[in-house]
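> Okay, here's the prediction I keep looking at, along with the sequence it came from:
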Amino acid sequence: VAGLGNYGLRGTRHSVGMEVLDRLARQLAVAESWRVDRRCCADVALATAHGLELVLLKPRKFMNLNGLSVASAAEIYSLGPEDIYLVHDDLDKALGKVAIKLGGSARGHNGVQSCISALHSNEMPRLRIGIGRP
């Protein structure tokens, strides 16, 4: 599960993917286990939920380069694109509205486009979090 955003600009609307990962880590009782993994340039926490082993990932790169971290983690943990869930902001959704998208285009989202390019696939399921337009 990759929370897309701008690592250096945490707390902004465009980094809501990382905020969701922080909350998920708290709910899974692994919030204290985040560690920097230099191999994929990301903060990583491992968790288990409903019998599934999860890799929680917060890239330490700017949004338009998030895919490099996600692709490196996919290689390290032997994951295919269909195993990777992207969590990201969506300007076209009202604030707080959420939607699940199963693959497809990036719809203008630079972080998603970076992941599609780095993984050579658009098959990643996505949790789109509405942030609305300013």
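Yep, it's here.

> So which residues make contact with stretch 54-62?
With contacts defined as C-beta atoms under 8 Å, 6 or more residues apart in numbering, stretch 54-62 is touched by 1-8, 18, 21-22, 24-25, 28, 30, 34, 36, 40-48, 65-66, 68-70, 73, 77, 79. (C-beta placed from N, C-alpha, C; glycine too.)

> Type out the ChimeraX command that picks the buried ones from the residues you listed.
In ChimeraX, a selection of the buried entries from the contacts of stretch 54-62 looks like this (16 or more other C-beta atoms under 10 Å):
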select :1,2,3,4,5,6,7,18,21,22,24,25,28,30,34,40,41,42,43,44,45,47,65,66,68,69,70,73
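
> In strands, which of the contacts of stretch 54-62 appear?
If you go by DSSP state E, those have Ala2, Gly3, Val36, Ala42, Asp43, Val44, Ala45, Leu46, Ala47, Thr48 in strands.

> closest to Ala106 among the residues you listed?
Proximity of the ones in strands among the contacts of stretch 54-62 to Ala106 (C-beta to C-beta) peaks at Ala2, which lies at 14.0 Å.
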